[in-house]
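Participant: sequence? don't have it. structure:
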C-alpha cells in the first residue's frame, strides 16, 4: 500500500512552511515554476523540485544567516526558467549566489510572526519585485510595508558575472495598518495577472481584501465580518475554487472558510470547519492548514502543547460537520508546525518528535486527495 505519510528529510533548523514561498502560502507569480525553489530556516538546507518531473531533492547551498526567528520567508523564482532569483526572511535579502544583496538588510518584518513576508512582481514594472513585510503578531497589531528588488541592478554581480539584483526601495508604508500576523497574497488571470492581498483587522471579526495596482497602489476592494470571534495566525488558499482557510491562534476556535469572488472583487464568509478547535496552551492552537489538490480535503496542523501531542488531521470540506480523520495515527508529534503543498502535488509537513531541542523533521504526505483513512499508514 502506498504510504500517505512518509518522513524522509531531517531539517536542523526551525522554519515555517506556511510562509515559505511567495507569500505565506502565496501563489503570486506565474504558475509555471514559481514553487520549485524552497529555502527556509537557518541551516544550509532547502528543497529543489525538478522542472522535468517535480521530484523533490534536498540542496545545501542556502546562506545560513537566513531565517532568524521562526525562519519562514519568501522566494522569488523566474516564472519561465524556474531559476532562483532571490529569497528573504523578511529582514534580509539574499541573491541567487546566496550572498546578501548590498542593500539587502534592514527590512522590517516581524520574523516571529507566522506570515510575515511575501514576494510578488511589481505590476507593469518588468524585472521588479515587491517584498511585502508584516509587522503584526499574535498579541499586537501591525502594518504592511513594501520594499522593491530590481533584478537589472548589478548587486553582487556585474561584468563578467551576471547581474544579481538589489533592493532599490525599502520599508515603504502601504498605509495598510491594524493587521494581524496572517497575510495572504495571490493572483488571478493569465498575463496580465491581477494581484490581491488579504488581511484581518486586528482584534475584530473583520477581514479586508486589497487589489495591488500599478503605481504602488493598494486599493481596498472588500471588507467583511465573520460571525465568530477569531484571531488569524495563518491563511491558506485553494486557488482554483477561491476558498481561503483561516487558522486561529486562540484555543477553542474552529477554522473559518472564506470565499474569494474575482468577478465581484470580494471575499465572503462561507462556513466553519467544526471540531477543528482545541484547548492546546501553545502560541498557536492551530499552526497551519493546507488544501488537497482537488480542494475537497483540508489538512490541519494542531501544534500541541507538551501535554497534548501535535497532530495532522484532515477534514471533508463538503461535510464540515463531520469529525476529522487523524493522518498520523501511529505516531503523534511533540509539536506539529507548517504544511505546504509542493509542485509534486504532495503536502510537506514540519514537525518535532523530541521535546526540548530535538531535531525538526520534514515529512511528505502523499495521496492527499484520498478521502479514505485506509491510505494513512506511516513510514518513518
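Facilitator: All right, it came through fine. Quantities reported herein were computed from a predicted structural model and do not represent experimental measurements. Numbers count the residues shown, from 1 in each chain.
Participant: looking at the nearest residue to residue 117 once chain neighbours are set aside now. What's its pLDDT?
Facilitator: Spatial nearest neighbour of residue 117, chain neighbours left out: residue 90 (3.7 Å); criterion: C-beta to C-beta, 6 or more residues apart in numbering. Yep, even glycine has a C-beta here, placed from its N, CA and C like the rest. Residue 90 is assigned 93 on the pLDDT scale.
Participant: who touches residue 90 in this structure?
Facilitator: 72-74, 107, 109-111, 116-117, 131, 133-134 (C-beta atoms under 8 Å, 6 or more residues apart in numbering).
Participant: could you tell me whether it really is in a helix?
Facilitator: No - Residue 90: not assigned to a helix; according to DSSP: H, G, I helix; E, B strand; the rest coil it is coil.
Participant: low pLDDT regions in the stretch 201-350 of the chain?
Facilitator: Low-confidence segments of the stretch 201-350 of the chain (pLDDT under 70): 329-331.
Participant: one step back: can you put the contacts of residue 90 in JSON lines and add secondary structure, pLDDT and distance to residue 225?
Facilitator: Listed next are the contacts of residue 90 as JSON lines, based on DSSP: H, G, I helix; E, B strand; the rest coil; pLDDT from 0 to 100; distance: C-beta to C-beta, whole Å:
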{"residue": "72", "secondary structure": "coil", "pLDDT": "69", "distance to residue 225": "28"}
{"residue": "73", "secondary structure": "coil", "pLDDT": "82", "distance to residue 225": "31"}
{"residue": "74", "secondary structure": "strand", "pLDDT": "91", "distance to residue 225": "29"}
{"residue": "107", "secondary structure": "coil", "pLDDT": "97", "distance to residue 225": "32"}
{"residue": "109", "secondary structure": "coil", "pLDDT": "94", "distance to residue 225": "27"}
{"residue": "110", "secondary structure": "coil", "pLDDT": "91", "distance to residue 225": "25"}
{"residue": "111", "secondary structure": "coil", "pLDDT": "87", "distance to residue 225": "30"}
{"residue": "116", "secondary structure": "coil", "pLDDT": "91", "distance to residue 225": "25"}
{"residue": "117", "secondary structure": "strand", "pLDDT": "93", "distance to residue 225": "27"}
{"residue": "131", "secondary structure": "strand", "pLDDT": "97", "distance to residue 225": "30"}
{"residue": "133", "secondary structure": "strand", "pLDDT": "96", "distance to residue 225": "26"}
{"residue": "134", "secondary structure": "strand", "pLDDT": "96", "distance to residue 225": "21"}
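Participant: dump those into a markdown table; add neighbour count and distance to residue 161 as well.
Facilitator: Formatted as a markdown table, the contacts of residue 90 follow (neighbours: other C-beta atoms under 10 Å; distance: C-beta to C-beta, whole Å):
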| residue | neighbour count | distance to residue 161 |
| --- | --- | --- |
| 72 | 29 | 30 |
| 73 | 33 | 24 |
| 74 | 32 | 24 |
| 107 | 22 | 24 |
| 109 | 32 | 29 |
| 110 | 20 | 34 |
| 111 | 23 | 30 |
| 116 | 32 | 31 |
| 117 | 32 | 27 |
| 131 | 27 | 23 |
| 133 | 28 | 28 |
| 134 | 28 | 33 |
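Participant: so which of these is the closest to residue 185?
Facilitator: Of all the contacts of residue 90, residue 185 sits closest to residue 74, with 9.1 Å by C-beta to C-beta.
Participant: which residue is the nearest non-sequential neighbour of the closest one?
Facilitator: residue 119 (4.1 Å).
Participant: quick check: that neighbour is in a strand.
Facilitator: Yes - under three-state DSSP, residue 119 falls within a strand.
Participant: please, which helix or strand holds the closest residue to residue 235 other than its chain neighbours?
Facilitator: Among residues not flanking residue 235 along the chain, residue 184 sits closest, at 3.8 Å (C-beta to C-beta, 6+ apart). Per DSSP states H and E, residue 184 falls inside strand 166-189.
Participant: the next helix or strand after that strand versus strand 166-189: what angle between them?
Facilitator: On the C-terminal side of strand 166-189, the closest following helix or strand by DSSP H and E is strand 193-201. Angle of strand 193-201 versus strand 166-189, following axes from the mean of the first three to the mean of the last three C-alpha atoms, to 10 degrees, is 100 degrees.
Participant: returning to that earlier point: what's across from the residue nearest to residue 74 in the sheet?
Facilitator: residue 131 (DSSP bridges).
Participant: can you give me how far the strand holding residue 184 is from the chain middle?
Facilitator: 14 Å (C-alpha atoms, centre = their mean, to the nearest Å).
Participant: just stretch 82-101 next, same as before
Facilitator: Its chain's C-alpha centre and that of stretch 82-101 lie 17 Å apart, by C-alpha atoms, centre = their mean.
Participant: measure that stretch end to end?
Facilitator: 20 Å (C-alpha to C-alpha, to the nearest Å).
Participant: in that stretch, which residues are buried?
Facilitator: Residues 82, 84-98, 100-101 are the ones in stretch 82-101 that count as buried (16 or more other C-beta atoms under 10 Å).
Participant: which ones among those residues lie within strands?
Facilitator: 84-88, 93-95 (DSSP state E).
Participant: just checking, residue 48 touches residue 37?
Facilitator: Yes - with contacts defined as C-beta atoms under 8 Å, residue 48 counts as touching residue 37 at a distance of 6.3 Å.
Participant: more neighbours: these two, which one.
Facilitator: Neighbours were counted for residue 48 and for residue 37 using other C-beta atoms under 10 Å; residue 37 has more, 23 against 17.
Participant: and that one, how close does it get to residue 273?
Facilitator: 31 Å (C-beta to C-beta, to the nearest Å).
Participant: next: residue 174.
Facilitator: 31 Å.
Participant: same drill for those two, tell me which one is more crowded.
Facilitator: Legend: neighbour count by other C-beta under 10 Å for residue 174 and residue 273, higher for residue 273 (24 against 19).
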